[in-house]
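In: 3D model of this:
(one chain, ligands or ions: 1)
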Amino acid sequence: MSKRFSFEFFPPKTPVGREKLQTVRSELATLDPSFFSVTYGAGGSTRDNTKSIVMEAKAAGLAVAPHLSFGGDDEDTVLALLKEYQNAGVDRIVALRGDIPSGMGASRLVYAQELVEFIRKHTGNHFEIEVAAYPEIHPDAPSYVADIQFLKQKLDAGANSAITQYFFNADAYFYFLEDCEKAGIDKPIYPGIMPITNFTNLARFSRNCGADIPRWLTQKLEGYGDDKQSVIEFGTEFVTEMCQILMEGGAPGIHFYTMNQVEPVKSILQELQS
Ligand code: FAD
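Out: This next block holds a predicted model:
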């Protein structure tokens, strides 16, 4: 069976960013991914942007999966969006709880499991549903074991597979797979891979989402200082090797967080496929 590769975008805020994304999308489409996915801003803040990027990709004949969460929305709003996607022929959704955006303290978060149940209740088996998984544990989880149980509940509620938060330690993924299997999870868990291009941004992002950057890697990347080219070269070499280890160790494919860039994802994937 061939391995599945997918590419994630976020909705750009400006018309220039939108235009650039179309070029990036066209170039990445030549690599023949199984699908593109488009993130959904916290609290539905990018709802229309996400939808229009998804619809554009769909109109261009590409397989595309919108990310979706309740955010602060009511059931009618989420259902209307689901129906629009269904009618447009979109057949995959990445179902998430999302986070409360700063300044929106009052909204209630709806667990991804409830969203999966909602999608199945209203659209049957139309959508392939992906959910999120956390080899290094979700920051709000009461424990490692509980987090795996909650992942199992999302999958048992009707999700087809999971995509992980990014990590820089292949062992975390392999132990997690083993523990998921012991917990009775038998659906595919795709590693989510973040390329390394800018250490300062990556470190900030990682603190927020609970992804660990190993000490040695931090030291090495920090050591390059302003030498951005060396960060990219070493980062790409490291991430490519980690992907090779993951694939050889049984990962069913890879989901790339492209950060709306062709490189280094294109080079990494070509190296993996060579
Ligand atoms: P859930 O699965 O609902 O879990 C959230 C937390 O609650 C976990 O700690 C879990 O252990 C706990 N939990 C789950 N069920 C229960 C329960 N029944 N009782 C008590 N505790 C429970 N964020 C965005 O805003 N937009 C995006 O587009 C986006 N895309 C993502 C894509 C991927 C592949 C990943 C890995 C993450 C993405 N995120 C996105 C981030 C995600 O929204 C956050 O990590 C969020 O905090 C959790 O979402 P979830 O769907 O994993 O939540």
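In: what segments of the protein are strands?
Out: 4-9, 35-38, 64-68, 92-95, 128-133, 161-166, 189-193, 253-257 (DSSP state E).
In: distance between the fifth one and the chain's centre?
Out: Meaning strand 128-133. Remark: strand 128-133 is offset 9 Å from the chain centroid, using CA atoms, centre = their mean, to the nearest Å.
In: and for the last one?
Out: Here strand 253-257 is found 8 Å from its chain centre; the criterion is CA atoms, centre = their mean.
In: going forward can the numbers begin at 501, since that is how I track them
Out: Got it, first residue is 501 now, which makes that one strand 753-757.
In: hmm, it in reach of the ligand?
Out: No. Strand 753-757 lies out of reach of the ligand by CB under 6 Å from any ligand atom, never closer than 6.5 Å. The C-beta positions use only the backbone N, C-alpha and C, and glycine is treated the same way.
In: which residues sit against that strand?
Out: Residues outside strand 753-757 that contact it (CB atoms under 8 Å, 6 or more residues apart in numbering): 503-508, 534, 537, 663-664, 666, 688, 690-695, 743, 746-747, 765, 768-769, 772.
In: just checking: what are the partner strands of it?
Out: Take DSSP bridges as the rule and strand 753-757 pairs in its sheet with strand 504-509 (parallel), strand 689-693 (parallel).
In: what residues of the longest helix belonging to the chain count as buried?
Out: Longest helix in the chain by number of residues (criterion: DSSP state H): helix 728-748. Buried residues in helix 728-748, counted by 16 or more other CB atoms under 10 Å: Val731, Ile732, Phe734, Gly735, Thr736, Phe738, Val739, Thr740, Met742, Cys743, Leu746, Met747.
In: with stretch 654-665 instead?
Out: Lys654, Leu655, Ala657, Gly658, Ala659, Ser661, Ala662, Ile663, Thr664, Gln665.
In: same question, stretch 678-686
Out: Buried, per 16+ other CB under 10 Å, within stretch 678-686: Cys680, Ile685.
In: likewise stretch 670-677?
Out: Here stretch 670-677 shows Ala670, Ala672, Tyr673, Phe674, Phe676, Leu677 as buried, counting by 16+ other CB under 10 Å.
In: stretch 698-711 now?
Out: Neighbour-count burial for stretch 698-711 [16+ other CB under 10 Å]: Asn698, Phe699, Leu702, Phe705, Ser706, Ala711.
In: could you pull out the helices for the stretch 601-750 of the chain?
Out: For the stretch 601-750 of the chain, applying DSSP state H, counting those that start in this stretch gives helices covering 612-623, 644-656, 670-682, 699-709, 715-723, 728-748.
In: which one of those has the lowest average pLDDT?
Out: Out of the helices of the stretch 601-750 of the chain, helix 699-709 stands lowest, with a mean of 93 (criterion: mean pLDDT).
In: and that helix with strand 661-666, angle?
Out: 120 degrees (axes from the mean of the first three to the mean of the last three CA atoms, to 10 degrees).
In: who's in contact with helix 699-709?
Out: By CB under 8 Å, 6+ apart, helix 699-709 touches Pro639, Gln665, Met694, Ile696, Ala711, Asp712, Ile713, Thr718, Leu721, Glu722, Tyr724, Val731.
In: OK, contacts around the closest residue to Gly589 other than its chain neighbours?
Out: Closest residue to Gly589 apart from its sequence neighbours, by CB to CB, 6 or more residues apart in numbering: Lys558 at 6.4 Å. The neighbours of Lys558, taking CB under 8 Å, 6+ apart as the test, are Val564, Ala588, Gly589, Val590.
In: can I have the buried ones of those as a PyMOL selection?
Out: PyMOL command restricting the contacts of Lys558 to the buried ones, with burial defined by 16+ other CB under 10 Å:
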select buried, resi 564+590
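In: if we can go back for a sec, want to throw the strands paired with strand 753-757 into JSON lines with mean neighbour count, distance to Ile619 and mean pLDDT?
Out: Listed next are the strands paired with strand 753-757 as JSON lines, based on neighbours: other CB atoms under 10 Å; distance: least, CB to CB, whole Å; pLDDT from 0 to 100:
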{"stretch": "strand 504-509", "mean neighbour count": "22", "distance to Ile619": "19", "mean pLDDT": "98"}
{"stretch": "strand 689-693", "mean neighbour count": "24", "distance to Ile619": "19", "mean pLDDT": "98"}
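In: will you turn these into TSV that also has distance to Asp647?
Out: Listed next are these as TSV, based on distance: least, CB to CB, whole Å:
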stretch	distance to Asp647
strand 504-509	22
strand 689-693	13
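In: done for today, thanks.
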